[in-house]
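S.K.: need the 3D shape of this:
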Amino acid sequence: QVQLVESGGGWVQPGGSLTLSCTASGSKRSIYAMGWYRHAPGNQREWLCSINSAGKTRYADSVKVRFTINRDSAENTVYLQINSLEPEDTAVYYCNADDIFDITIETPGDYWGQGTQVTVSS
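M.R.: Here you go, the predicted model:
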């Protein structure tokens, strides 16, 4: 069973930056795609971005200016750098992974982390 563990969340002032990380373990084969979602109170879960083992990245239009996804495939770890944080970025951020298919706005991966809280306020 694949397990995803996120870290790096916390409280940040508006305008600050944050890097989240997520490490996958327990997979019998290489993780093909990893990505990030977030869920803010009162909103639906929102797909943010993803990256596959070939390095192809996908971003939601709403975040592609301020968010950057990177991956260390050897460590099965994905990173999400968020710049110029806004109070509207406050949410629980979830790591998502799949060992076969790309992760897109329409197709989440099979595996989910427990989430890490990001709070942006002054």
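
S.K.: contacts, neighbours, all on C-alpha from now
M.R.: OK.

S.K.: all strands of this structure, in order?
M.R.: Along the chain, counting by DSSP state E, strands occupy 3-7, 10-12, 18-25, 33-39, 46-52, 57-59, 67-72, 77-82, 91-98, 111-112, 116-120.

S.K.: got a list of what the residue lying closest to Thr23 once chain neighbours are set aside touches?
M.R.: Taking CA to CA, 6 or more residues apart in numbering, and ignoring the residues beside it in sequence, Thr23 has Thr77 as its nearest neighbour in space, at 4.3 Å. Under the criterion of CA atoms under 8 Å, 6 or more residues apart in numbering, the contact list for Thr77 reads 21-24, 71.

S.K.: and the gap between Thr77 and Cys22?
M.R.: Applying CA to CA, to the nearest Å, the value for Thr77 to Cys22 is 5 Å.

S.K.: equivalent analysis for Asp89, please.
M.R.: Going from Asp89 to Cys22 by CA to CA gives 18 Å.

S.K.: ok, these two, which is more surrounded?
M.R.: Cys22 (26 against 19; other CA atoms under 10 Å).

S.K.: spatially central residue for this structure, please.
M.R.: Centroid check for the chain by CA atoms, centre = their mean gives Trp36 as the closest residue, at 2.3 Å.

S.K.: burial count for the closest residue to it other than its chain neighbours?
M.R.: The shortest distance from Trp36 to any non-neighbouring residue, by CA to CA, 6+ apart, is to Cys95 (4.8 Å). Neighbourhood size, Cys95 [other CA under 10 Å]: 29.

S.K.: having no further points to raise, I will conclude here.
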